[in-house]
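Peer 1: Let's see this in three dimensions:
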Amino acid sequence: MAVRVFEGKGHAAAYLQYRVAPGEMIHRIMSYMEKKTPNRFNLALDVGCGSGQGTILLAPHFTKVVGTDISPAQLEMALTNENPPNVSYKECPAEKLPFASGEVDLVAAMTAAHWFDREKFLLEADRVLRPGGCLALLSYTMDMELEYGDVSTTLNDICKEFHAALFNFRNRCLGTSSMKIYSDMFDSCSYPDKEWNECLEVKRILPLSGYIGLVESFSTFQNLVQKDPEEAERLSNATRNKLMSAMKVSSPDTEVTVVVKYFYWLARKPL
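Peer 2: Numbering: from 1, shown residues only. Okay, the predicted model is just below:
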C-alpha cells in the first residue's frame with residue numbers, strides 16, 4: 001500500500017517554496033531518451049509530482065506533460081505555478097494511472113517512488129509505457145552539504161547533527177536507506193536496457209534560511225513537528241544559530257552553496 005504524506009496545506013506550501021528543482025536531472029533523462037528513442041517525445045508523466053517543480057521542467061521536451069499526485073493540497077500548490085500551456089495535473093494514485101496502455105513516452109518519479117507500492121507502481125508504469133518508452137526514478141540522500149568559505153567542514157558537522165536528530169523520526173516504510181529502495185526497484189525491473197547512477201551532485205546557492213526550510217519540508221522533520229512541535233522549533237533554531245555562528249554572520253539570509261546528492265536509474269521498455 002502506498003504511504004500518504006505531504007498532504008497538509010502548510011507542508012505543501014513549504015514543499016513548493018523550498019524543494020530544489022532538479023534541472024540537471026532532467027538533462028540526464030532527456031539525454032538518455034534522445035539516445036534510445038529520438039523524436040518520440042509526446043506524453044510525459046511526472047508521478048508523485050508534488051508541487052510541480054519537476055513537472056514544469058519536462059514541459060519544453062514533450063508535447064504534453066501531466067503531473068499526478070494523490071494529494072489535493074500538493075496539486076493545489078502546483079496550480080499556483082506559472083505552468084506552461086502543455087502542463088496539466090491529475091489527482092490519482094501512482095499505482096492506478098488514468099492513461100491507456102502504451103500511451104506514455106516517459107514515466108518519471110522525482111523523489112517520490114519510495115512512498116509508492118513499489119511492485120504495483122512498476123507494473124503500472126510498464127502498462128502505460130509504449131514500447132521503447134522510458135522509466136526514470138530519482139531521489140537524493142539526506143547527507144546534503146554546505147559550502148561557505150573555509151568553514152564548510154564545520155558547517156557539515158552541524159548538518160550531520162541536525163539529520164542525526166531527525167533520523168529517529170524517519171518513516172518505518174523507508175527503512176534505513178532510501179537508496180536501497182531504489183536499488184531494489186532497479187534490480188526488480190525486467191527491462192534489459194537500464195542504467196543505475198549512484199551520485200550526481202547538484203549545487204544551489206540559497207540563503208541559509210532556505211537550507212533550513214528545505215530540511216523542515218522533509219517528512220522526518222514534519223513527523224517531529226507532529227510529535228513535539230516545541231522540540232522541532234528548538235532543534236531548527238539551534239541548528240540555524242550554530243550555522244550562523246560558525247559562518248560569523250548575523251543574518252539567516254546569508255547565502256550558502258547547498259550540495260544535493262542525487263541517485264537515479266533509467267530504463268527503456270523493450271520494443
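
Peer 1: Please determine how far the closest residue to Leu155 other than its chain neighbours is located from Lys242.
Peer 2: Nearest residue to Leu155, sequence neighbours excluded (CB to CB, 6 or more residues apart in numbering): Leu146, at 4.3 Å. C-betas here are computed from N, CA, C, even on glycine. Remark: distance between Leu146 and Lys242 (CB to CB, to the nearest Å) = 12 Å.

Peer 1: Counting neighbours, go ahead and name the busier of those two.
Peer 2: More crowded of Leu146 and Lys242, by other CB atoms under 10 Å: Leu146, with 22 against 17.

Peer 1: I figured Glu103 was touching Arg130, is that so?
Peer 2: Yes - checked against CB atoms under 8 Å, the pair Glu103 and Arg130 is within contact range at 6.8 Å.

Peer 1: Have a look at the two and say which one is more surrounded.
Peer 2: Ranked by neighbour count (other CB under 10 Å), Glu103 and Arg130 place Arg130 first, with 19 against 15.

Peer 1: Shouldn't the more buried one be within a strand?
Peer 2: Yes - when DSSP: H, G, I helix; E, B strand; the rest coil is applied, Arg130 is found to be in a strand.

Peer 1: That one contacts Gly102, doesn't it?
Peer 2: Yes - the pair Arg130 / Gly102 is scored as a contact, 4.6 Å apart, by CB under 8 Å.

Peer 1: Quickly run through the sheet partners of the helix or strand Ala109 falls within, with directions.
Peer 2: Ala109 is part of strand 104-110, with elements assigned from DSSP states H and E. When pairs are called by DSSP bridges, strand 104-110 turns out to pair with strand 43-47 (parallel), strand 129-140 (parallel).

Peer 1: Adding mean pLDDT and distance to Ser217, write these out as a markdown table.
Peer 2: As requested, these are exported to a markdown table (pLDDT from 0 to 100; distance: least, CB to CB, whole Å):
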| stretch | mean pLDDT | distance to Ser217 |
| --- | --- | --- |
| strand 43-47 | 97 | 18 |
| strand 129-140 | 95 | 13 |
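
Peer 1: Out of these, which one sits most buried?
Peer 2: strand 43-47 (a mean of 26; mean count of other CB atoms under 10 Å).

Peer 1: neighbouring contacts of that strand?
Peer 2: Residues outside strand 43-47 that contact it (CB atoms under 8 Å, 6 or more residues apart in numbering): 52, 54-55, 58, 61-68, 94, 97, 99, 103-110, 112-113, 116, 121, 125, 128.

Peer 1: what ranges of the stretch 151-271 of the chain fall below the confidence cut-off?
Peer 2: For the stretch 151-271 of the chain, no stretch has pLDDT under 70.

Peer 1: the strands in it, which residues?
Peer 2: 193-207, 255-268 (DSSP state E, counting those that start in this stretch).

Peer 1: Looking at those strands, which is nearest to Ala136?
Peer 2: Among the strands of the stretch 151-271 of the chain, strand 255-268 comes nearest to Ala136, with 5.2 Å by CB to CB.

Peer 1: The strands paired with strand 104-110: which one's closest to Ala267?
Peer 2: Nearest to Ala267, of those and by CB to CB, is strand 129-140 at 4.7 Å.

Peer 1: Give the pairing partners of the next helix or strand after that closest one; include direction for each.
Peer 2: Next along the chain after strand 129-140, taking DSSP H and E as the criterion, comes strand 145-147. Taking DSSP bridges as the criterion, strand 145-147 forms sheet pairs with strand 255-268 (antiparallel).

Peer 1: send the alpha carbons of the partner strand over as CSV?
Peer 2: C-alpha atoms of strand 255-268 as CSV (Å, rounded to 0.1, in the frame of the first residue of the first chain):
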residue,chain,number,x,y,z
GLU,A,255,23.8,32.8,1.0
VAL,A,256,25.5,29.4,1.1
THR,A,257,26.0,26.7,-1.5
VAL,A,258,23.8,23.7,-0.8
VAL,A,259,25.1,20.4,-2.4
VAL,A,260,22.3,17.8,-3.0
LYS,A,261,23.5,14.3,-3.9
TYR,A,262,21.1,12.7,-6.3
PHE,A,263,20.9,9.0,-7.3
TYR,A,264,18.8,7.7,-10.1
TRP,A,265,18.0,5.0,-12.6
LEU,A,266,16.8,5.0,-16.1
ALA,A,267,15.3,2.1,-18.1
ARG,A,268,13.8,1.6,-21.6
